[in-house]
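> The sequence isn't on hand, but the structure is:
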């Protein structure tokens, strides 16, 4: 699920688009590159998000899975590319 796009189904951020940057048990960690950067992601239950059948580009995906440094600008760029 890491690297996948998802929208929020519940909470004050309902309808917002995010990238899944981490996961553990019933929780996922989401980043939008703006308010929630990859270094301080939003923790949300899986049932409160709607996964989208699309992923970030391969190089960014590999770095997310390896736990390497990812910059907020890269997340913003990936979201912008998905929306256009």
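Received it, and whenever you're ready, just let me know what you need. Just so it is clear, the model here is predicted, and its values are computed rather than measured.

> so what pLDDT did residue 48 get?
Each residue has a pLDDT score; the one for residue 48 is 97.

> what's the answer for residue 35, then?
For residue 35, pLDDT reads 95.

> count of residues packed around it?
Using other C-beta atoms under 10 Å, residue 35 has 11 neighbouring residues. The C-beta positions use only the backbone N, C-alpha and C, and glycine is treated the same way.

> Look at it and give its secondary structure.
Following DSSP: H, G, I helix; E, B strand; the rest coil, the label given to residue 35 is coil.

> Could you say which helix or strand holds the most centrally placed residue in the chain?
Taking C-alpha atoms, centre = their mean, the centroid of the chain lies closest to residue 19, which sits 1.6 Å from it. Taking DSSP states H and E as the criterion, residue 19 maps to strand 17-24.

> partners of the next helix or strand after that strand in the sheet?
Next helix or strand after strand 17-24 toward the C-terminus (DSSP H and E): strand 27-31. Strands adjacent to strand 27-31 in the sheet, as given by DSSP bridges, are strand 17-24 (antiparallel), strand 42-45 (antiparallel).

> ok, back up a step: what's across from the residue nearest to the centre of the chain in the sheet?
Beta-bridge partners of residue 19, as defined by DSSP bridges: residue 5, residue 31.

> wait, what's in contact with it?
Residue 19 makes contacts with 3, 4, 5, 6, 30, 31, 32, 33, 56, 75, 78, 79, as judged by C-beta atoms under 8 Å, 6 or more residues apart in numbering.

> Please repeat the previous calculation with a cut-off of 10 Å.
Residue 19 makes contact with 2-6, 29-33, 36, 38, 41, 55-56, 60-61, 64, 70, 74-76, 78-79, 82, according to C-beta atoms under 10 Å, 6 or more residues apart in numbering.
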